[in-house]
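S.K.: Pasting the sequence and the predicted model now:
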Amino acid sequence: MQLLVSVRNSEEADVALSSGVNILDIKDPSRGSLGPASGKTIEDCLSLKTKFARQPESSVHFSCACGEVSDESPRWRDWNFDGRRVNFLKLGLSRLRNAPNWTNKWNETRSEIEGQIGTADETRWVAVAYADELVAQSPPIEDVISAAADFGCAGVLIDTFSKQSGRLREIVADDVIERYCHRIHSHGLFCALAGKLQPKDIAPLSVFPVDIIAVRTAACENGDRNGHISEKQIRTLLTELGNPVSNYR
Ligand SMILES: O=C[C@H](O)COP(=O)(O)O
């Protein structure tokens, strides 16, 4: 399994990359689960790509949170960085539960973002399925998995929308998480899990076909999601994961 850590600025990105994360996720955690960072912050983080360029077999990947399809004034409209340098883009589906044409809206917004920043073949979409789907008012997880397969995503991230309520494993039983992982893999997509996951969650989840463990809270000092990234916390997570080497290229 790979480790994705969400960072909110280039100082945190430097710490995370120095600590050996596999995927650097750039977001503004104060703006929600998929809170988009400013274009300037993303540009600053992407500029570290050269500094941390490693051997091809251990290259780090970069992802960006784009917010929600339903955002009224999406922050990505001001982005002007080169999207070809981003490997993964994530866009949330909250408030679309009752929209019969949500896949159209999702695809339209994806196209608009691609037009705004420009993308390369290596820039892939990750569908985000919220485990607390009633709180998020997002489409059911099963439907998001099907849409991810139908509309060319590289993978599916199951995450929590509200960071105030439960953790993933409190909201969804382990055997159900396992079933989702198998379904995601059956479509040839990668499976990423998040939702206030802790180091203690890694062993039980590692028996499922999970490719990526994605965290913000567990990588922060004192578990404060809006606090600072901690190198010690990241190293603890990597140790639990067996210090994986990134193979997303
Ligand atoms: O992309 C993953 C999220 O940033 C996970 O955040 P969290 O660990 O605070 O739930």
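M.R.: Happy to help now that I have it. Numbers count the residues shown, from 1 in each chain.
S.K.: need the contact list for the closest residue to Trp102 other than its chain neighbours.
M.R.: Closest residue in space to Trp102, ignoring its immediate chain neighbours: Leu96 at 4.1 Å, by Cβ to Cβ, 6 or more residues apart in numbering. To be clear about C-beta, it is placed using only N, CA and C from the backbone, and glycine gets the same treatment. Counting by Cβ atoms under 8 Å, 6 or more residues apart in numbering, Leu96 touches 69-70, 102, 105-106, 137-139.
S.K.: tell me the phi and psi of Leu96?
M.R.: The phi/psi pair for Leu96 (degrees, to the nearest 10) reads phi -110, psi 10.
S.K.: Tell me the spacing between it and Leu157.
M.R.: 16 Å (Cβ to Cβ, to the nearest Å).
S.K.: try Lys40
M.R.: Per Cβ to Cβ, Lys40 is found 25 Å from Leu157.
S.K.: how about the residues of the chain near the ligand?
M.R.: 6, 25, 159-160, 163, 194-197, 214-218, 225 (Cβ under 6 Å from any ligand atom).
S.K.: hmm, which of the residues you listed are the buried ones?
M.R.: In the residues of the chain next to the ligand, burial by neighbour count holds for 6, 25, 159-160, 163, 194-197, 214-218, 225, counting by 16 or more other Cβ atoms under 10 Å.
S.K.: Now the helix or strand bottoming out on mean pLDDT in the chain - C-alpha only, CSV.
M.R.: When each helix and strand of the chain is scored by mean pLDDT, DSSP states H and E, helix 48-51 comes last, with a mean of 82. Output in CSV follows, covering the C-alpha atoms of helix 48-51 (Å, rounded to 0.1, in the frame of the first residue of the first chain):
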residue,chain,number,x,y,z
LEU,A,48,9.2,20.9,-5.2
LYS,A,49,8.8,18.1,-7.8
THR,A,50,12.3,18.7,-9.2
LYS,A,51,13.9,18.9,-5.7
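S.K.: Would you agree Cys66 is in contact with Phe88?
M.R.: No - taking contacts as Cβ atoms under 8 Å, Cys66 lies outside contact range of Phe88: 10.4 Å.
S.K.: Quick check: longest helix in the chain by residues?
M.R.: helix 102-117 (DSSP state H).
S.K.: Can you pull out the residues in contact with it?
M.R.: Outside helix 102-117, the residues touching it (Cβ under 8 Å, 6+ apart) are 66, 69, 74, 76-77, 79-83, 86, 89, 91, 93, 96, 99, 123, 125, 139, 147, 150-151.
S.K.: Among those residues, name the ones in strands.
M.R.: If you go by DSSP state E, the contacts of helix 102-117 have 66, 89, 91, 125 in strands.
S.K.: Can you lay out the residues you listed as TSV showing neighbour count?
M.R.: As requested, those are exported to TSV (neighbours: other Cβ atoms under 10 Å):
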residue	neighbour count
Cys66	27
Leu89	22
Leu91	23
Trp125	22
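S.K.: tell me the two of these that are most distant?
M.R.: Maximum pairwise distance in these, criterion Cβ to Cβ, is 9.4 Å, between Cys66 and Trp125.
S.K.: Thr239 belongs to a helix, doesn't it?
M.R.: Yes - counting by DSSP: H, G, I helix; E, B strand; the rest coil, Thr239 is part of a helix.
S.K.: begin at 368 from here
M.R.: Taking 368 as the first residue, the last one we looked at is Thr606.
S.K.: separation between it and Ile569?
M.R.: Counting by Cβ to Cβ - Thr606 and Ile569 are separated by 9 Å.
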